[in-house]
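# Fold the stuff below for me.
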Amino acid sequence: MSEFSAASTPSTPGALLGLAVRVAREAAATARRMRAEAIGDVQTKSTATDVVTAADKAVERQVIEALRAARPDDDVLGEEYGTSATSATSAVRWILDPIDGTVNYLYGLPQYAVSLAAELDGVVVAGVVVNAANDDEWTATLGGGAWRGGKRLHGSAPGSLSQTLVGTGFGYDARRREHQGRVLAGLITQVRDIRRFGSAALDLCAVAEGTLDAYYEKGLNPWDWAAGGLVATEAGIVVSGLGGVAPGIDMLVAAPPAVHGPLHDALAALDAAGGA
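Reported below is the predicted structural model:
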């Protein structure tokens, strides 16, 4: 019997996290091992700048197979292959980004991650993000806090928006980038500085541990932020959309409570959720 057998993996946040961590660590090792080979097989998706490597696909297949071995009735939503559905009665759905930060992966920049979350009855209850370049790892369970290397995370405490270091990202469509550039130009005079690292999952974990104060981005899919969003939320970070809308494809804003409101209002005034 597999060590990941269904009998040994009940549908509790802690048990789901344990499975997610083991699977994500193995997936990260595969991504790292495959890099030299995988970057020789690069294709594009939505635009010529939106790349996918052989490793993205191989890692996703590996994770799906491992999850299926452990919990054969669960569904999996992955970036590369979409929903892998079963005739399941399980209330659990896994949300996977096999390599978040594929452009970084392609160029050898050490910011690319395996992101895996477990959703129970539509609510994310467990998540892990592993930086495959160096094995840094962040975990969270709903109500159980966010952690890195045995240390509980609590985010940062900037005194004002003007003292806030903000991370962001950009879409692949040229029209969207043009609008995002205008938003960035309007925001940069209101904050301490802006950073763009190229992985939404790692950016959210950075906010959780305080190496970024805040983060925002338009165009994120569930696999981009499911695990990292839980890590941030469990670290006391407010994760939202704009104007009372839930975080998602239109906008995600993550910031400590003291500056979330001012950052939200600045982004709303700049029409950050608008454009293409």
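
# any idea of the pLDDT on the closest residue to Ser160 other than its chain neighbours?
Counting by CB to CB, 6 or more residues apart in numbering, the nearest residue to Ser160 once its immediate chain neighbours are dropped is Val259, at 6.9 Å. In this view, the C-beta of every residue, glycine as well, is placed from N, C-alpha and C. The predicted local confidence for Val259 comes out at a pLDDT of 98.

# Also Ala276?
In this model, Ala276 is scored at 77, pLDDT.

# thought it was touching Arg175?
Yes. In this structure, Ala276 sits in contact with Arg175. The criterion is CB atoms under 8 Å, and the distance is 3.8 Å.

# Compare the two (neighbour count), which wins?
Looking at Ala276 and Arg175 with other CB atoms under 10 Å, you find the greater number of neighbours at Ala276, namely 13 against 10.

# wait, what's in contact with that one?
With contacts defined as CB atoms under 8 Å, 6 or more residues apart in numbering, the neighbours of Ala276 are 171, 173, 175-176, 179.

# Filter the residues you listed down to the buried ones, ChimeraX style.
Here is the ChimeraX command that selects only those of those that count as buried (16 or more other CB atoms under 10 Å):
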select :171,173,176,179
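
# Which ones among the contacts of Ala276 lie within helices?
175-176, 179 (DSSP state H).

# Give me the distance between the residue nearest to Ser160 and Val239.
When distance is defined by CB to CB, to the nearest Å, Val259 is 13 Å away from Val239.

# So between those two, which is more surrounded?
Neighbours were tallied for Val259 and for Val239 using other CB under 10 Å; the higher tally belongs to Val259 (24 against 21).

# Surely that one is in contact with Pro158?
Yes. Between Val259 and Pro158 a contact is recorded at 5.4 Å, counting by CB under 8 Å.

# so what's in contact with the two at the same time?
Residues touching both Val259 and Pro158 comprise 164, 213-214, with contact defined as CB under 8 Å, 6+ apart.

# now those in CSV, with secondary structure?
Below are those laid out as CSV (DSSP: H, G, I helix; E, B strand; the rest coil):
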residue, secondary structure
Thr164, coil
Asp213, coil
Ala214, strand
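
# which one of the residues you listed is nearest Val207?
Closest approach to Val207 among these (CB to CB): Ala214, at 6.2 Å.

# Tally up the residues packed near the closest one, please.
Applying other CB under 10 Å, we find 29 other residues in the vicinity of Ala214.

# wouldn't it be in contact with Ala255 here?
Yes. With contacts counted by CB under 8 Å, Ala214 reaches Ala255, the gap being 3.6 Å.

# Now do the strands in the stretch 51-200 of the chain.
Using DSSP state E, counting those that start in this stretch, the strands of the stretch 51-200 of the chain run over residues 51-53, 75-78, 82-84, 92-100, 113-120, 123-131, 137-141, 145-148, 151-152, 165-168, 193-195.

# sorry, back to before: sort out which one of the contacts of Ala276 lies nearest Ile249 for me.
Proximity of the contacts of Ala276 to Ile249 was ranked by CB to CB; the top entry is Gly171 with 10.5 Å.

# what sits against that closest one?
By CB under 8 Å, 6+ apart, the contact list for Gly171 reads 177, 180, 218-219, 276.

# Look up the pLDDT of it for me, please.
At Gly171 the predicted local distance difference test score is 90.

# low-confidence ranges in the stretch 1-150 of the chain?
Per-residue confidence for the stretch 1-150 of the chain (pLDDT under 70) gives these ranges: 1-8, 38-52, 82, 84-89.

# just to revisit the earlier point, in which helix or strand would I find the residue nearest to Ser160?
For Val259, the enclosing helix or strand under DSSP states H and E is helix 257-269.

# cool, and Val253?
Per DSSP H and E: Val253 is located in strand 252-255.

# what does that strand contact?
So strand 252-255 is contacted by 164, 200, 204, 207, 213-218, 220, 225, 229, 232, 237-242, 247, 260, 263-264, 267 (CB under 8 Å, 6+ apart).

# for the record, mean pLDDT for it?
Throughout strand 252-255, pLDDT has a mean value of 98.

# Noted, bye for now.
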